[in-house]
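K.L.:
With the sequence up front, the predicted model follows.
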Amino acid sequence: MFITFEGGEGTGKTTLIKRVYKALHKNHNVIMTREPGGSEIAEIIRDVILNPKNKAMTPRTEALLIAASRAQHLDDTILPAINEGKIVLCDRYLDSSLAYQAVARHLGFDFVLAINQYATEHMPNVTFYIDLEPEVGIARIAKRKKYDRLDQETIDYHHLVRQGYLEVLKKYPDRIILIDGTQSLDEISTFILKEIQKIL
Ligand code: TYD
């Protein structure tokens, strides 16, 4: 079983994954991973993508590096775990590339799907998309001390990301579950766990 978590900045995804992992860990063989990254080489590529020094990186290069890190992550981490019958909880996956690179970076769905073709062959069973006004999410992460290259994007960019996610949701309504990100983390994690139990 392959489960992904999606959303803009400051939606609480990472905290939620940890909670879901803790709850499932008691009775199931489960792993928690993330993108970009999630394996040794994929994490090295992540550092290049997020390094604030790489301001001149073009959207195409960004999309290709993310796709490369995903290929490595899939082969090193996701597929072996699925083949061993584990539940894989992943913080971001292909839908992030569709919202961020295809829509917010204007590269288009065709280009992003083409460079991620191998990933479309291994889509999640279910995806939880946490929807939140970008202003609210950004205000939440403003309290964090360190900013990476992508955290420095404008508010307009984050609005495009949200619009991108809503387009992705329309494209894959059977796979993606929309969650109102203004609810408390307790409410959201309870809901997510119920949905996972249904599928299990
Ligand atoms: P991260 O610090 O993990 O952000 P968050 O806590 O919001 O998940 O950084 C991941 C960044 O990479 C985030 O800004 C979104 C971006 N990203 C893409 O643009 N495309 C992608 O396909 C993925 C997986 C991430």
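P.N.:
Noted; the coordinates are in hand. Numbering: from 1, shown residues only.
K.L.:
Would you pull up how far the helix or strand bottoming out on mean pLDDT in the chain lies from the middle of the chain?
P.N.:
Counting by mean pLDDT, DSSP states H and E, the weakest-scoring helix or strand in the chain turns out to be helix 134-141, with a mean of 91. Per C-alpha atoms, centre = their mean, to the nearest Å, the displacement of helix 134-141 from the mean C-alpha position of its chain is 17 Å.
K.L.:
Which elements pack onto that helix?
P.N.:
For helix 134-141, the contact count by 3 or more C-beta pairs under 8 Å, 6 or more residues apart in numbering; DSSP states H and E identifies helix 155-171 as packing neighbours. Heads up, the C-betas are built off the backbone N, CA and C, glycines and all.
K.L.:
quick one: buried residues of the helix it packs on?
P.N.:
Buried residues in helix 155-171, counted by 16 or more other C-beta atoms under 10 Å: 157-158, 160-162, 164-165, 168-169.
K.L.:
do the same with stretch 9-25
P.N.:
By 16+ other C-beta under 10 Å, the buried positions in stretch 9-25 come out as 9-13, 16-17, 19-20, 23-24.
K.L.:
And for stretch 53-70?
P.N.:
62-63, 65-70.
K.L.:
Over to Arg46. Which of the three states is it?
P.N.:
helix (DSSP: H, G, I helix; E, B strand; the rest coil).
K.L.:
Asp91: how many residues sit nearby?
P.N.:
20 (other C-beta atoms under 10 Å).
K.L.:
Quick check: closest non-adjacent residue to it.
P.N.:
Arg34 (3.8 Å; C-beta to C-beta, 6 or more residues apart in numbering).
K.L.:
wait, isn't that neighbour in contact with Cys90?
P.N.:
Yes. Between Arg34 and Cys90 there is a contact under C-beta atoms under 8 Å: 6.7 Å.
K.L.:
what about these two, which has more around it?
P.N.:
Neighbour totals were compared for Arg34 and Cys90, and Cys90 leads with 24 against 20 (other C-beta under 10 Å).
K.L.:
The more buried one against Phe2, yeah?
P.N.:
Yes. Contact criterion C-beta under 8 Å: Cys90 and Phe2 qualify, at 7.1 Å.
K.L.:
Identify the contacts common to these two.
P.N.:
Counting by C-beta atoms under 8 Å, 6 or more residues apart in numbering, the common neighbours of Cys90 and Phe2 are 78, 124.
K.L.:
Tell me the residues of the protein that contact the ligand?
P.N.:
Neighbours of the ligand within the chain, by C-beta under 6 Å from any ligand atom: 9, 13-14, 35-36, 66, 91-92, 96-97, 100-101, 148, 150.
K.L.:
change it to 8 Å
P.N.:
7-11, 13-14, 34-37, 46, 49-50, 62-63, 66, 70, 91-97, 99-101, 104-105, 141, 148, 150-151, 153, 161 (C-beta under 8 Å from any ligand atom).
K.L.:
Among the buried residues of stretch 53-70, find me the one that's closest to the ligand.
P.N.:
Ile66 (4.4 Å; C-beta to the nearest ligand atom).
K.L.:
Spatially, what comes nearest to the closest one if we skip its sequence neighbours?
P.N.:
Nearest one to Ile66, counting by C-beta to C-beta, 6+ apart, is Pro36 at 5.3 Å.
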